[in-house]
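Novice: Sharing a model that was predicted from the sequence below.
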Amino acid sequence: MHIKNVLITGATSGIGQATARIFAANGHRLIITGRRKERLTKLAEEIKAQYHVEVLPLVFDVRDYNAVKAAADNLPEDWRSIDVLVNNAGLAVGLNPIQEGVIDDWERMIDTNIKGLLYMTRCFAPLMMANNSGHIINIGSIAGKEVYPNGNVYCATKHAVDALSKAMRTDMLKYGIKVTQIAPGAVETEFSLVRFKGDQEKADNVYKGITPLTGDDIAALIYYVTTLPSHVCINDMVVTPTAQANASIFNRS
Ligand code: NDP
Ligand code: 8X3
């Protein structure tokens, strides 16, 4: 088996954490990132002990270009070849109509979901291009395919991820690098708690009466797309809970 070097942003929680576990369970080497150092270090130790794979935890904020660049520039020699980059770090903050939007919420979403993903790709894609192979997986959203009331800026950032995934596939084509966007609907993680700024009741209501997707469900799809033959690339995947028809319509029991 070819052991891959897999770089996952936003591994301290949710989809990113589940993705780290599934790649480790399958014997791959991981670079895991996030801002919360304690969680990241603990996860690295757990994964090493459980799956006996090498893990390099790197604490930085994807919004900080200098920090992203330093992380790439200072990679130890035996980590300088990247096979898979999962651009997962992201968030929604607030759910206000645009005329009542909170500027700081907008900045956080735009800086993380768009600029962070761009900084990561700009700094780490060259480590794939050098090998003429690799796979970039961008975590978009159903919010990148549709808009819903009060979703405005979050939806716009995920529409940008949709466009950038197509653009990256075009630009990376000649290097043999695959680009896949995975666009989930409702996944129960810390996502809603972050969106509602710590209001657990509001967060719980998002998933009330449905069986939402889990981080593990999305991680399994992320892993799956990396197992296909080298000539096969899944470009785009929209995945919802069975109880969700589109961004706004749910079958709640
Ligand atoms: P979580 O809140 O559980 O995880 C988000 C992760 O992103 C955390 O590990 C967090 O780490 C990291 N992160 C956030 N901001 C930054 C930053 N500035 N720098 C570095 N890391 C950051 O949510 P999910 O797992 O659900 O979200 C993962 C992705 O999936 C996001 O892009 C989200 O938009 C997308 N998504 C989620 C859906 C859902 O319903 N949950 C549906 C569709 C898409 P830390 O705080 O330690 O930095
Ligand atoms: C997360 C899913 O519908 O809350 O991207 O935007 S949604």
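Specialist: Structure's in. What do you need? This structure is a prediction, so every number in the text was calculated from the model and none was measured. Ligands and ions are numbered 1, 2, ... in the order given.
Novice: neighbours of E100, just the number please.
Specialist: Using other CB atoms under 10 Å, the number of residues around E100 comes to 8. Placement of C-beta: from N, CA and C, glycine included.
Novice: and the gap between it and H135?
Specialist: 40 Å (CB to CB, to the nearest Å).
Novice: and the longest helix for this protein?
Specialist: Secondary structure of the chain per DSSP state H: the longest helix is helix 152-172.
Novice: So for it, mean pLDDT?
Specialist: Averaged across helix 152-172, pLDDT comes to 99.
Novice: Past that helix, which element shows up next along the chain?
Specialist: strand 177-184 (DSSP states H and E).
Novice: Listing partners with orientation, what would you give for that next one?
Specialist: strand 134-139 (parallel), strand 236-239 (parallel) (DSSP bridges).
Novice: so which of those is the most packed in?
Specialist: A comparison of the strands paired with strand 177-184 by mean neighbour count, using mean count of other CB atoms under 10 Å, puts strand 134-139 on top with a mean of 26.
Novice: Quick one: check that one for contact with ligand 1.
Specialist: Yes - using CB under 6 Å from any ligand atom, strand 134-139 reaches ligand 1 at I139.
Novice: what's the answer for stretch 120-129, then?
Specialist: No - in terms of CB under 6 Å from any ligand atom, no part of stretch 120-129 sits within range of ligand 1; the closest distance is 9.3 Å.
Novice: Turn the strands paired with strand 177-184 into a markdown table, columns for distance to H28 and mean pLDDT.
Specialist: Compiled in a markdown table, those are given as follows (distance: least, CB to CB, whole Å; pLDDT from 0 to 100):
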| stretch | distance to H28 | mean pLDDT |
| --- | --- | --- |
| strand 134-139 | 12 | 99 |
| strand 236-239 | 21 | 98 |
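Novice: Quick one, which of these gets closest to T226.
Specialist: Evaluated with CB to CB, the strands paired with strand 177-184 place strand 134-139 nearest to T226, the distance being 5.7 Å.
Novice: so how far is the closest one off the chain centroid?
Specialist: The chain centre lies 9 Å from the centre of strand 134-139; the measure is CA atoms, centre = their mean, to the nearest Å.
Novice: For that strand, give me every contacting residue.
Specialist: With contacts defined as CB atoms under 8 Å, 6 or more residues apart in numbering, strand 134-139 is touched by 15, 82-88, 90, 117, 121, 125, 127-128, 161, 164-165, 168, 172, 175-182, 184, 218, 222, 225-226.
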